[in-house]
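**Student:** With the input below, show me the fold.
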Amino acid sequence: MVVIGQGSPVRWAAPDGPWTEPDLHLFPQDGHRYEIVDGSLHVTPPLDGAHETVVQALIAMLRAAAPEGWWICDRLGIALKTSNLIPDVTVLRPRSSGATWADPADVAMVVEVESATSRSYDRLLKPALYAGAGIPCYWRVAPEPEPVLFVHELGADGYLPAKTIQGADPVKVDAPFPVRVSPGTWS
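**Tutor:** Purely as a prediction, here's the structure:
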């Protein structure tokens, strides 16, 4: 990747060939989410405070329930074959490598919180890639008008819906570990 123009706004030139993980390190830390899908760059604009509120509520809830040795991370990248994705929340199994880009074999679950600019990406493309990598659990949160949690479990042909949870009353979910969720309290 090449930065073009001194003294003028920064412009990025695409690499000769597919985008790769090292290219991602050259982007500014400007709030955008830069990801690679099959060698193509995907950029999500910065997300609002309501999105961050839901992400932080999920992190706190999962960390409080996690057995010893499990890692709950926000925006930890996952290195797939020709893709590098950054879920909102990643749950790593005990004794994971701790690499900057997690190996899918270390990932027990990913969570995506939808926004207006990521809805199709979070509902269609990312789950297909996570399922293809063998990540056993996928949660998706639709935050508006009230948060709704969609719990998916990996089946033979991708993710299968397991539960849809809404409201403030706690509901037990068993995977990736037992946890009580109450989406109505996340906003």
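**Student:** What is the burial count for Pro161?
**Tutor:** A count of nearby residues for Pro161, using other Cβ atoms under 10 Å, gives 11. Backbone N, C-alpha and C define where each C-beta goes, glycine included.
**Student:** So which bits of the helix or strand harbouring it are buried?
**Tutor:** For Pro161, the enclosing helix or strand under DSSP states H and E is strand 158-166. Within strand 158-166, the residues scored as buried using 16 or more other Cβ atoms under 10 Å are 159, 162, 165-166.
**Student:** can you pull the pLDDT of the closest residue to Thr100 other than its chain neighbours?
**Tutor:** Closest residue to Thr100 in three dimensions, ignoring its sequence neighbours and counting by Cβ to Cβ, 6 or more residues apart in numbering: Gly77, at 7.0 Å. At Gly77, the model reports a pLDDT of 95.
**Student:** what's the answer for the one 10 residues further on, then?
**Tutor:** According to the prediction, Pro87 has pLDDT 97.
**Student:** ok now do it, which residues does it touch?
**Tutor:** 75-76, 78, 110-112, 126, 130 (Cβ atoms under 8 Å, 6 or more residues apart in numbering).
**Student:** Which ones among those lie within helices?
**Tutor:** Within those, residues falling in helices by DSSP state H are 126, 130.
**Student:** In the protein, which helix is the longest?
**Tutor:** Counting residues, the longest helix found in the chain (DSSP H) is helix 49-65.
**Student:** which helices and strands sit right next to that one?
**Tutor:** Judged by 3 or more Cβ pairs under 8 Å, 6 or more residues apart in numbering; DSSP states H and E, the packing partners of helix 49-65 are strand 71-74, strand 89-92, strand 107-113, strand 179-181.
**Student:** out of the ones you listed, which comes closest to Val37?
**Tutor:** Within the helices and strands packed on helix 49-65, the stretch nearest Val37 is strand 107-113; the backing value is 13.9 Å (Cβ to Cβ).
**Student:** Name whatever forms a beta bridge with the residue nearest to Thr100.
**Tutor:** Trp101 (DSSP bridges).
**Student:** residues in contact with Ser182?
**Tutor:** Ser182 neighbours (Cβ under 8 Å, 6+ apart): 167-171.
**Student:** Adding secondary structure, pLDDT and neighbour count, write those residues out as TSV.
**Tutor:** Output for these, formatted as TSV (DSSP: H, G, I helix; E, B strand; the rest coil; pLDDT from 0 to 100; neighbours: other Cβ atoms under 10 Å):
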residue	secondary structure	pLDDT	neighbour count
Gly167	coil	96	13
Ala168	coil	95	11
Asp169	coil	96	12
Pro170	coil	95	14
Val171	strand	97	16
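**Student:** Out of those residues, which is nearest to Leu154?
**Tutor:** Of all the contacts of Ser182, Leu154 sits closest to Val171, with 20.4 Å by Cβ to Cβ.
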